[in-house]
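Participant: fold the following for me, if possible:
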Amino acid sequence: MLSGPCRRLRCGARRCRPFLIPCFFFVALAPAVAVAAANSWTKPTSGFWEEQSFWSLGVLPDATQDVVFTNAGFKALTIGPQTAQTFPLSLSVNSLRVSAPDNSSNTLVMSFSGFERPLKTGVLTVEPNAAVVMQSAALEVLAGGTLSIVGSFHHGDFSQVVVRFGLSLDSGSYFLTNGILTVASFLENFGRFIHYGGSNIVGSLQIFQHGEYHLYDGRLRGSSFRISDHGLFVQYGGNVTADVDVGFDFTDGRYVLSDGTLMGRMIVPSARGSGSVVQYGGTNSAVSLDIGNGSRFGGMGSYVLSNGVLQVDSSTTLRALGTFEQWNGRHTITSNLVMRGNDLGPLGGVAYAAYSLRGGTLSAMNLAMGIATFVHKAGSNRITGDIVLGPASQTSLDSDVYTSLYSLSGGFLSAANVILNASANSGFAQTGGTHDIAGELRISGQAPGFHGYTLNGGGLSVNNMSISNGAAFHHNGGVVSHSGGLTLAGGSWHARPGAQALGPVRLVSGELADSSIEFPEGAAVLRLANSSTETWSSTATLSVTNWHGSASGGGETQLFFGSDAGGLTLPQLARIKFSLAGELLPARILATGEVVPQTQRLGFSFLANMLTLSWEPGWTLQSSTNVAGPYEDVPGAVTPFEPSMSNPTEFFRLRQ
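Facilitator: Just a heads-up that it's a prediction; the model follows:
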């Protein structure tokens, strides 16, 4: 015997599609085996299996016969306890076919025939207008055979059904009330399986072409389930243990979890089809959860959690065209939440991974986002580790579609650290809610449209902050509670209107730009803590832009370092420049700790090779032999003043 795949055409409600089934090709190496004889039930009314006179061969069925129950009329053929006890050999047949013509109905009833002597058949076919009803009975479809149902099958009263090869539910219905169904391979095509109780133990289950499985109670166990091509699985209760692939091929596979428990790996979808999961309640204890598998051919996957518990023992991964929408309930991830979209090229466009949190609780170890969006409107997102947006290095910026955006408008978000790496049109946007960072907020890099962290409303509580390499923190509204230090390494702080207090500043040379503090239009006060003990690079520059205050202090815009003149050292003060009217002016610190531009110029002139310095009243002349200081007051110096020129080099400045 030779075997190989055959290509057939399976037709649904709207289209036909090819599929592969195993085919067998026989080569005659021995005399042919005789074809099994057909033995048909002929009684026009209901009767019992052991009524020998109503079988067409005049004998009871046996293992050599193809048994046929298809004659016209409305009747039942019953296998009862008497059949099993007195005529056990008649319960082994080569095949059994139950059917009825139009305007007729035939039902095979196995009523309390027990479990010691099951009805054994190579093939059982239940065709239109036909049914099988089992009550405290046993059925075994032998190895290599199939149970094919186009009519209906009623499995109750602790009956036992074993299908050693395949069960095919083609447009028929199977009702499992209690008992045990054991099947190697289960294919559902336009059929309906109604599971009220008992156990269904299946190797592989495939539901497609509008097939439906409804689980109300009981247990369903298997190695792998596949739901696709408008297939539907609805779980109202009970317990499911299997690896589930929703939408593995073609379109619109759906899993609905209303109550009960589901355990195993879940993929939505694994191939280029589309799949969706809706959880209204119950518990999904997933070993892993993968959503989306985007390509230009498909791969859309979605999960909606409106209530219940979703517990993922490893990672939840949202890939291209994968979406997760949470309205309530609890989503707990033992490991990481990974969101990785993809650029599908000119034919497919950009395929994002997306999470929408509108209520409930989400918790994970880490959150990593790339070509992804996270919309947080309500509920709590608790990340015990880090939130990382964008590529890990600048070398990943070769594509301008690498958007990673977290939008927080309400609810609560917490993390150990938040790291924002530059990518096009990306960053962190907060318009409301509360954001709590126990460690560091790190913003780095520049890219087209990268807006770093934008705070328009709500509250941000953070320990340390670092802004580097052209990145910026845009503080337009809301409140920042800052308990640690602020490091500027070629980064920019855009101050908000009104007053805001931050911790001490550390200034580091930036690779891509100088650091800056930018004031808004209108009144603004930025109070930075005493930074005199912090490290400031001697090659770094801190530019103050859009300052429109008073050079004597107390103006519309104010910048403070501490609360007195000791808030900065003189070398630190020398690193600050005010950008005014196209000029960079040096800075000075007032007794209140306010830093203002040094607008007073030190005038000089030469007469007969003698240097004369002049200045306006109210200023004190200082000198030093080093441009960076330290500077000391020149005793008794009044304008005009002629320096002694006794030192090889000497530098002068004014203080107020």
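
Participant: remind me which residues of the chain are low pLDDT?
Facilitator: 1-35, 250, 392-401, 600-601, 656 (pLDDT under 70).

Participant: if we use 50, what do you get?
Facilitator: 1-33, 394-399 (pLDDT under 50).

Participant: can you map out the helices along it?
Facilitator: Here the chain has its helices, by DSSP state H, at 81-86, 570-574.

Participant: pretty sure residue 469 contacts residue 443?
Facilitator: No. Using CB atoms under 8 Å, residue 469 is not in contact with residue 443; the gap is 9.0 Å. In short, each C-beta sits where N, CA and C put it, glycine included.

Participant: which of these two has more neighbours?
Facilitator: Counted by other CB atoms under 10 Å, residue 469 and residue 443 do not tie: residue 443 has more neighbours, with 27 against 18.

Participant: what's near enough to touch the more buried one?
Facilitator: Applying CB atoms under 8 Å, 6 or more residues apart in numbering, we find residue 443 in contact with 420, 452-453, 465-468, 471-473, 491.

Participant: quick check: longest strand of this protein.
Facilitator: Longest strand of the chain, by residue count under DSSP state E: strand 105-126.

Participant: give me the buried positions along that one.
Facilitator: Buried residues in strand 105-126, defined by neighbour count with 16 or more other CB atoms under 10 Å: 105-113, 117-126.

Participant: that strand packs against which elements?
Facilitator: strand 65-69, strand 74-79, helix 81-86, strand 92-98, strand 130-141, strand 146-149, strand 160-170 (3 or more CB pairs under 8 Å, 6 or more residues apart in numbering; DSSP states H and E).

Participant: just send the ones you listed back as TSV, with mean neighbour count and distance to residue 590 too.
Facilitator: Output for the helices and strands packed on strand 105-126, formatted as TSV (neighbours: other CB atoms under 10 Å; distance: least, CB to CB, whole Å):
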stretch	mean neighbour count	distance to residue 590
strand 65-69	22	105
strand 74-79	19	104
helix 81-86	16	105
strand 92-98	21	100
strand 130-141	23	94
strand 146-149	23	90
strand 160-170	21	85
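
Participant: any chance of these in TSV, plus distance to residue 583?
Facilitator: Output for the helices and strands packed on strand 105-126, formatted as TSV (distance: least, CB to CB, whole Å):
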stretch	distance to residue 583
strand 65-69	103
strand 74-79	104
helix 81-86	106
strand 92-98	98
strand 130-141	93
strand 146-149	89
strand 160-170	83
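
Participant: re earlier: let me know the angle separating the longest strand of the chain from strand 74-79.
Facilitator: 50 degrees (axes from the mean of the first three to the mean of the last three CA atoms, to 10 degrees).

Participant: report the distance from strand 105-126 to the chain centre.
Facilitator: Put simply, strand 105-126 sits 48 Å off its chain's centre (CA atoms, centre = their mean, to the nearest Å).

Participant: ok, now stretch 445-461?
Facilitator: The answer for stretch 445-461 is 22 Å, by CA atoms, centre = their mean.

Participant: same question for stretch 83-94.
Facilitator: 56 Å.

Participant: put the alpha carbons of stretch 241-255 into CSV.
Facilitator: In CSV, the C-alpha atoms belonging to stretch 241-255 read as follows (Å, rounded to 0.1, in the frame of the first residue of the first chain):
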residue,chain,number,x,y,z
THR,A,241,-6.6,22.6,28.8
ALA,A,242,-5.0,22.8,25.4
ASP,A,243,-2.7,25.0,23.2
VAL,A,244,-5.1,27.2,21.2
ASP,A,245,-4.4,28.8,17.9
VAL,A,246,-7.1,31.3,17.0
GLY,A,247,-7.2,32.3,13.3
PHE,A,248,-4.3,30.1,12.2
ASP,A,249,-5.3,30.4,8.5
PHE,A,250,-7.8,32.2,6.4
THR,A,251,-10.1,34.6,8.3
ASP,A,252,-12.0,35.3,11.5
GLY,A,253,-11.3,32.6,14.1
ARG,A,254,-12.9,33.6,17.4
TYR,A,255,-12.7,32.4,21.0
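
Participant: check which residues of that stretch are buried.
Facilitator: So for stretch 241-255, counting by 16+ other CB under 10 Å, buried means 242-250, 252-255.

Participant: and stretch 618-632, by the same measure?
Facilitator: 621-624, 629, 631.

Participant: return that stretch as PDB; C-alpha atoms alone will do.
Facilitator: Only the C-alpha atoms of stretch 618-632 are listed here, as PDB (Å, rounded to 0.1, in the frame of the first residue of the first chain):
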ATOM      1  CA  GLY A 618      26.500  99.700  41.800                       C
ATOM      2  CA  TRP A 619      29.000  97.100  40.500                       C
ATOM      3  CA  THR A 620      32.100  95.700  42.100                       C
ATOM      4  CA  LEU A 621      35.300  95.000  40.100                       C
ATOM      5  CA  GLN A 622      36.800  91.500  40.600                       C
ATOM      6  CA  SER A 623      40.100  90.100  39.200                       C
ATOM      7  CA  SER A 624      41.800  86.700  38.800                       C
ATOM      8  CA  THR A 625      44.900  85.300  37.200                       C
ATOM      9  CA  ASN A 626      42.800  82.500  35.700                       C
ATOM     10  CA  VAL A 627      39.800  83.000  33.400                       C
ATOM     11  CA  ALA A 628      37.900  80.300  35.300                       C
ATOM     12  CA  GLY A 629      38.600  81.900  38.700                       C
ATOM     13  CA  PRO A 630      38.700  82.200  41.500                       C
ATOM     14  CA  TYR A 631      37.800  85.900  41.300                       C
ATOM     15  CA  GLU A 632      38.400  88.300  44.200                       C
END
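
Participant: what's it in contact with?
Facilitator: With CB under 8 Å, 6+ apart as the criterion, stretch 618-632 contacts 538, 570-571, 574, 600, 602, 613, 615, 633-634, 637, 641, 643, 647-656.

Participant: now do residue 588 against residue 654, distance only.
Facilitator: To residue 654, residue 588 is 8 Å away according to CB to CB, to the nearest Å.

Participant: what sits in contact with each of these two?
Facilitator: Common neighbours of residue 588 and residue 654 (CB under 8 Å, 6+ apart) are residue 598.

Participant: re earlier: partner strands of the longest strand of the chain, parallel or antiparallel?
Facilitator: Sheet pairing of strand 105-126 (DSSP bridges) gives strand 74-79 (parallel), strand 92-98 (parallel), strand 130-141 (parallel), strand 146-149 (parallel).

Participant: need those strands in JSON lines with distance to residue 289, can you?
Facilitator: Formatted as JSON lines, the strands paired with strand 105-126 follow (distance: least, CB to CB, whole Å):
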{"stretch": "strand 74-79", "distance to residue 289": "46"}
{"stretch": "strand 92-98", "distance to residue 289": "42"}
{"stretch": "strand 130-141", "distance to residue 289": "35"}
{"stretch": "strand 146-149", "distance to residue 289": "33"}
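
Participant: thinking again about what came up before, minimum distance to residue 562: which of the helices of the chain has it?
Facilitator: Shortest distance between residue 562 and the helices of the chain, using CB to CB, is found for helix 570-574: 11.3 Å.

Participant: run a quick neighbour tally on residue 554.
Facilitator: Neighbour number of residue 554 under other CB under 10 Å is 12.

Participant: skipping its backbone neighbours, what lies nearest it in space?
Facilitator: residue 594 (7.5 Å; CB to CB, 6 or more residues apart in numbering).
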